[in-house]
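Colleague: need coordinates for the following:
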Amino acid sequence: MPRKDEVFPSQYLKASDLKNGSVVLTIKQARMESVRGQDGDKEKLVLIFIETKKKLVVNVTNFDTISIIVGDDETSTWGGTRIELFRSRTEMGSQPVDCVRVRAPAKLPVGGREIDDSIPF
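Modeller: Numbers count the residues shown, from 1 in each chain. Purely as a prediction, here's the structure:
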């Protein structure tokens, strides 16, 4: 039988999508987009990637990390930057939940723009 994620695929990346634990992706664009949540639709920052159709909704923690990697908090400069997405845990309310976090790929310098064609995705 199909799993819930197969029956109702999401356009957004989530921790369960990172089956190998992490993946390095290239940011194509960062833009504001209407995202449906438990409290209705809200405008949120979303990353579009070159290697996948799935997008990443950016939270404050990941925004700060990407700003450090790029060296700029102006999101229009983020295109072309390679970042590594990895599974982690955080608390939502008092409950631990899976989440997606961001870091600089191990092989790349701060700025994340060195080219590496071995994308494991």
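Colleague: contacts for the longest helix anywhere in the chain?
Modeller: Longest helix in the chain by number of residues (criterion: DSSP state H): helix 60-70. Outside helix 60-70, the residues that touch it by CB atoms under 8 Å, 6 or more residues apart in numbering are 27, 45, 56, 58, 73, 77-78, 81, 83, 100-104, 110-112. In this view, the C-beta of every residue, glycine as well, is placed from N, C-alpha and C.
Colleague: ok, which stretches of this protein are strands?
Modeller: Using DSSP state E, the strands assigned to the chain run over residues 22-37, 40-49, 56-57, 82-92, 95-103.
Colleague: most tightly surrounded among these?
Modeller: strand 56-57 (a mean of 21; mean count of other CB atoms under 10 Å).
Colleague: pull up the pairing partners for it, direction included.
Modeller: Strands flanking strand 56-57 in the sheet, each with its direction: strand 40-49 (antiparallel) (DSSP bridges).
Colleague: just for the chain, where's the confidence low?
Modeller: 107-121 (pLDDT under 70).
Colleague: how close does E84 get to R101?
Modeller: Between E84 and R101 the distance is 9 Å, computed by CB to CB, to the nearest Å.
Colleague: so in terms of bridging, what pairs with F86?
Modeller: For F86, the beta-bridge partners are S22, R101 (DSSP bridges).
Colleague: what about F8, neighbour count?
Modeller: Using other CB atoms under 10 Å, F8 has 8 other residues around it.
Colleague: roughly how far apart are it and P2?
Modeller: In this view, F8 and P2 are 10 Å apart by CB to CB.
Colleague: picking up where we left off before, next, the buried residues of the longest helix of the chain.
Modeller: 62, 65-66, 69-70 (16 or more other CB atoms under 10 Å).
Colleague: any idea which of these is closest to P96?
Modeller: Relative to P96, the closest of these is N62; by CB to CB it sits at 18.0 Å.
Colleague: quick one, which of the strands of the chain is nearest to Y12?
Modeller: Here strand 56-57 is closest among the strands of the chain (CB to CB), at 5.5 Å.
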